[in-house]
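Enquirer: return a 3D structure for these sequence lines:
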Amino acid sequence: MNFVLLALIGYFIGSIPCSYLSMRIFTGIDIRTLGTGSATVTAVLMHGGRRPATVALLAEIAKGALCVLLANWLVGEDWAVLTILVAAVFGCSWSIWLRGNGGQGLTIAVSGLVLFNIVLVPIIAGCYLLPLAATKQHLLSNRLFRISIPVVMGLWYISSDYAWGYALAGALLVLPSFIKQWLVGDEVVEARRADGVERSGAGAL
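Expert: Below is the predicted model of the structure:
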């Protein structure tokens with residue numbers, strides 16, 4: 001019963017379309033009509049600017065923090081925190097309010113992990129920043145970052161009888177982002193591609 005309750009609460013919190021609402025309020029534009037069509041903080045930043053993106057980012061962070069606080073208050077165990085976070089990520093990615101559209105939930109996942117175990121965060125962040133600094137390839141670095149989450153979580157809790165559970169939770173936290181990227185593409189990559197096409201067109205003229 002606790003598992004179902006936490007999953008429902010997490011999905012409801014995650015499904016609140018903060019990026020969509022912020023873009024609508026500040027610009028009047030439906031973020032789903034731009035770029036890849038995903039309602040992500042990155043999309044808001046690239047198409048709406050810093051102000052709506054900052055509001056969206058803070059709201060997503062608040063959602064992750066709220067999930068962790070509620071799980072600790074209601075149950076107070078690791079499985080509860082991870083359950084509500086996973087549900088929130090899925091709710092963000094496939095929001096009932098956006099008819100199955102949404103973001104990728106990575107901001108919720110990372111902000112939740114900060115409160116869950118802050119030591120994991122710089123390790124995971126390094127799996128993005130170091131490859132990015134070495135290769136300058138956002139897409140590769142982003143994928144390594146997401147792959148690192150279940151790996152790092154599984155290894156960190158390797159001495160636990162439930163190390164597999166931590167790794168599974170990590171995998172579920174990033175699964176929606178992999179699915180979304182496979183279906184619609186990466187926002188940064190698509191923006192750079194569009195910019196390249198526009199520059200080529202301008203040069204031809």
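
Enquirer: give the contact list for the closest residue to Ala125 other than its chain neighbours.
Expert: What sits nearest to Ala125 in space, not counting adjacent residues and going by C-beta to C-beta, 6 or more residues apart in numbering, is Phe145, at 7.6 Å. Every residue, glycine included, has its C-beta placed from N, CA and C. Phe145 makes contact with Ile124, Ala125, Cys127, Tyr128 under the criterion C-beta atoms under 8 Å, 6 or more residues apart in numbering.

Enquirer: for ChimeraX, what selects the buried ones among those?
Expert: Buried members of those, identified by 16 or more other C-beta atoms under 10 Å, are gathered into one ChimeraX selection as follows:
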select :124,127,128
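
Enquirer: average model confidence for whichever strand or helix holds the residue nearest to Ala125?
Expert: Assigned by DSSP states H and E, Phe145 belongs to helix 138-156. Taken as a whole, helix 138-156 has an average pLDDT of 93.

Enquirer: against which helices or strands is whichever helix or strand comes after that helix packed?
Expert: Toward the C-terminal end, the helix or strand that comes next after helix 138-156 (DSSP H and E) is helix 163-184. Applying 3 or more C-beta pairs under 8 Å, 6 or more residues apart in numbering; DSSP states H and E, we find helix 163-184 packed against helix 78-93, helix 106-116, helix 138-156.
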